[in-house]
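S.K.: My questions are about this predicted structure, shown below with the sequence.
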Amino acid sequence: MSSHRPEPLSPTLSATSSTASSTASSTASSTTTVIDTHPNPKSLINLGKQLKYLSIGFVLTSYLQVFPHLSDALSLGVWSTLSAKLALLSILLLLGTVVFFTYIILLPARGHNINYLDWRGDRHLGTAIPLLTACIIFGWTTLLLTLSPIGAPAPPPTTIRQRLAQAASFTGLDSLESRIQSLPNSYLSPTTTTTTTTTTTTTTSKLSNVLGKSNDWDKIASYLSLPNKSPVRDYFVQLSERADDWTGKNIKVIGWTGALLGSIGAYFLVFGAVGLIGFLAPDRSKEKRNKQF
C-alpha cells in the first residue's frame with residue numbers, strides 16, 4: 001500500500017535559495033525554494049511564525065533607520081550619484097518581492113489548487129517562483145550595498161564652512177577653498193544658534209537662518225565673488241536641507257553590521273507582512289475541490 005502525501009494548501013516562506021547553471025546548448029536555470037509545509041497553514045504555529053518575522057523586521061528596520069537612510073540616498077538625485085541609483089534599485093526589487101510573494105501566497109484565495117512542492121510543473125508557480133527568488137537574492141544584495149559604507153552617502157557636513165567648501169568642490173570651484181577658509185566668523189555666526197543646558201551644548205544650523213531676512217548668503221556670495229544665483233548656492237542649499245534632515249530624524253551611520261542586520265530586517269518585515277496576509281486570506285481552493293466532489 002502506498003501512502004499519499006497531502007498537498008500543502010498555502011506556503012509559509014522560511015528561506016529561499018537559488019542556483020543557476022547554463023550550458024552551451026541550453027539557458028535553462030533551476031531554482032530551489034525551501035517552503036515550510038505545515039499540514040494546517042491556518043494554524044497558530046504558522047501565525048506565530050509570521051508575527052515573529054514581522055516583529056523582528058520591524059525592530060531591525062526601525063532601530064537601524066533603514067527607510068530614512070534610503071530616503072537620504074534618494075535625496076541626492078538618482079541621476080547624480082551612485083548611492084541614489086542603488087537605493088532606487090533596492091526599493092524596486094523589494095517591491096518586486098512584495099508583488100510576487102503576494103501573488104504566490106494568495107493563489108489559494110483565488111481558488112487555485114496549488115502544489116507548492118511540485119512548483120516547476122505548475123503554470124502559475126513555474127514563472128513566479130524564479131522571479132520571486134531573483135528579487136529576493138538581488139534585492140537583498142543591493143540593499144546591503146546601499147546601506148553599507150560602499151554605497152551609503154557620507155554624512156552631511158556639520159558646519160556652514162564645511163558645506164561651502166564641499167559645494168565649491170562639487171561644482172568645480174576648488175579655487176574658492178582659501179576664500180572660504182578666510183570667511184569672517186561674523187558672516188557665519190548668524191546662521192548658528194547655540195542652546196546650552198545643564199548637561200549638554202548643542203549647535204544647530206538651519207537653512208532658514210542661512211537664506212533668511214539677514215541676507216547672510218548675499219554677504220557670503222559677495223565675499224566669495226559669486227552671483228546670488230549660482231550652482232554653489234544650489235548645492236549648499238541641498239547640503240543644508242540634508243543636514244537638517246539628519247538632525248531632525250537623528251540619523252546615525254550604521255556601518256557594515258548595521259547594513260547587514262538592516263537589510264535582513266527589511267526582508268523579514270516583507271515576509272512577515274505578506275505571510276500574515278496569506279494567513280488571513282480565505283482558502284477558496286477548498287471550496288472548489290468540495291464542489292468537484
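M.R.: In hand now; what should we look at?

S.K.: any weak-confidence spans in the stretch 51-200 of the chain?
M.R.: Where the stretch 51-200 of the chain drops to pLDDT under 70, the residues are 189-200.

S.K.: Give the closest residue to Gln50 in space, chain neighbours not counted.
M.R.: Closest residue in space to Gln50, ignoring its immediate chain neighbours: Gly275 at 3.9 Å, by C-beta to C-beta, 6 or more residues apart in numbering. (C-beta placed from N, C-alpha, C; glycine too.)

S.K.: burial count for that neighbour?
M.R.: 28 (other C-beta atoms under 10 Å).

S.K.: Which parts of the stretch 51-200 of the chain are strands?
M.R.: Secondary structure of the stretch 51-200 of the chain (DSSP state E, counting those that start in this stretch): strands at 192-196.

S.K.: longest helix anywhere in the protein?
M.R.: In the chain, taking DSSP state H as the definition, the longest helix is helix 255-280.

S.K.: got the buried residues for that one?
M.R.: By neighbour count on 16 or more other C-beta atoms under 10 Å, the buried set for helix 255-280 is 258-259, 261-279.

S.K.: for stretch 246-253, same thing?
M.R.: In terms of neighbour count (16+ other C-beta under 10 Å), stretch 246-253 has its buried residues at 246-247, 251.

S.K.: Give the helix, strand or coil label for Leu226.
M.R.: Under DSSP: H, G, I helix; E, B strand; the rest coil, the three-state class of Leu226 is coil.

S.K.: quick one, domains of the protein?
M.R.: Under automatic domain parsing, the residue ranges defining each domain of the chain are 40-154+253-287, 160-194+204-249.

S.K.: from the middle of its chain, how far away would stretch 248-255 be?
M.R.: Distance of stretch 248-255 from the chain centroid (C-alpha atoms, centre = their mean, to the nearest Å) equals 14 Å.

S.K.: How about residues contacting stretch 143-158?
M.R.: Applying C-beta atoms under 8 Å, 6 or more residues apart in numbering, the set of residues contacting stretch 143-158 from outside is 64, 66, 69-70, 72-73, 76, 81-83, 86-87, 89-90, 93-94, 163, 165-166, 205, 239, 242-243, 246, 253-256, 258-260, 262-263, 266-267.

S.K.: let's go with 6 Å and repeat that
M.R.: By C-beta atoms under 6 Å, 6 or more residues apart in numbering, the list of residues contacting stretch 143-158 from outside reads 69, 73, 76, 83, 86-87, 90, 163, 166, 239, 242-243, 246, 256, 259, 262-263.

S.K.: are any of those buried, and which?
M.R.: In those, the ones that pass as buried (16+ other C-beta under 10 Å) are 69, 73, 76, 83, 86-87, 90, 163, 166, 239, 242-243, 246, 259, 262-263.

S.K.: could I get the buried residues of stretch 246-253 as a markdown table with secondary structure, pLDDT and distance to Ile56?
M.R.: As requested, those are arranged in a markdown table below (DSSP: H, G, I helix; E, B strand; the rest coil; pLDDT from 0 to 100; distance: C-beta to C-beta, whole Å):
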| residue | secondary structure | pLDDT | distance to Ile56 |
| --- | --- | --- | --- |
| Trp246 | helix | 92 | 26 |
| Thr247 | helix | 88 | 29 |
| Ile251 | coil | 92 | 22 |
